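Visitor: Predicted model and sequence below, questions to follow.
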Amino acid sequence: MWEDVIPPLKTILESQHHLSQIQLYFQDNKLEGSFLKNGWPYSFWAFFPNGELTGPKGFSLCSYGWGASTVERFLVDEKKITAKHVVFWVEKRLAARGIIPVWKE
């Protein structure tokens with residue numbers, strides 16, 4: 001996960017001029033990320049309780065220093081999950097919350 005998900009996801013986040021102090025890591029079956037958007041703290045978790053991409057998955061987001069949002073199911077309909085799917089769906093979740101733009105220029 002570290003070498004296949006972290007670098008491309010970090011590249012996506014670093015390309016956003018309004019994000020700073022970006023940190024990503026994978027630990028205890030969780031992909032964790034944090035950053036500042038215009039000075040406001042955000043953090044997210046994509047977690048894999050069984051430690052496998054094919055097992056259960058969830059996603060949660062925390063903004064403005066508040067507690068985590070509702071845990072959402074993550075990559076539910078995908079049959080053959082790859083690291084590219086994880087990167088795509090994290091990007092999609094952050095875009096859906098208005099943190100990064102939906103469309104790339």
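Guide: Done, it's in. Numbers count the residues shown, from 1 in each chain.

Visitor: For L61, report the pLDDT, please.
Guide: In this model, L61 is scored at 87, pLDDT.

Visitor: Assign it to helix, strand or coil.
Guide: Assigned state for L61: strand (three-state reduction, DSSP: H, G, I helix; E, B strand; the rest coil).

Visitor: Output the lowest mean pLDDT helix or strand found in this structure.
Guide: Within the chain, judged by mean pLDDT, DSSP states H and E, the helix or strand with the poorest mean is strand 72-73; its value is a mean of 62.

Visitor: what comes up buried for the helix or strand following that one?
Guide: Counting by DSSP states H and E, the next helix or strand C-terminal to strand 72-73 is helix 83-96. The neighbour-count criterion (16 or more other CB atoms under 10 Å) identifies A83, V86, V87, F88, W89, V90, E91, R93, L94 as the buried residues of helix 83-96. In this view, the C-beta of every residue, glycine as well, is placed from N, C-alpha and C.

Visitor: need the contact list for the residue nearest to the spatial centre of the chain.
Guide: When CA atoms, centre = their mean is applied to the chain, the residue found nearest the centroid is V90 (3.8 Å). Contact criterion CB atoms under 8 Å, 6 or more residues apart in numbering gives L9, L31, G33, F44, A46, F59 as the residues in contact with V90.

Visitor: Near the last one, how many other residues are there?
Guide: The one in question is F59. As a burial measure, F59 scores 21 neighbours (other CB atoms under 10 Å).

Visitor: same thing with the fifth one?
Guide: Residues near A46, counting by other CB under 10 Å, number 26.

Visitor: residue ranges with poor pLDDT in this protein?
Guide: For the chain, the stretches flagged by pLDDT under 70 are 1-2, 65-79, 104-105.
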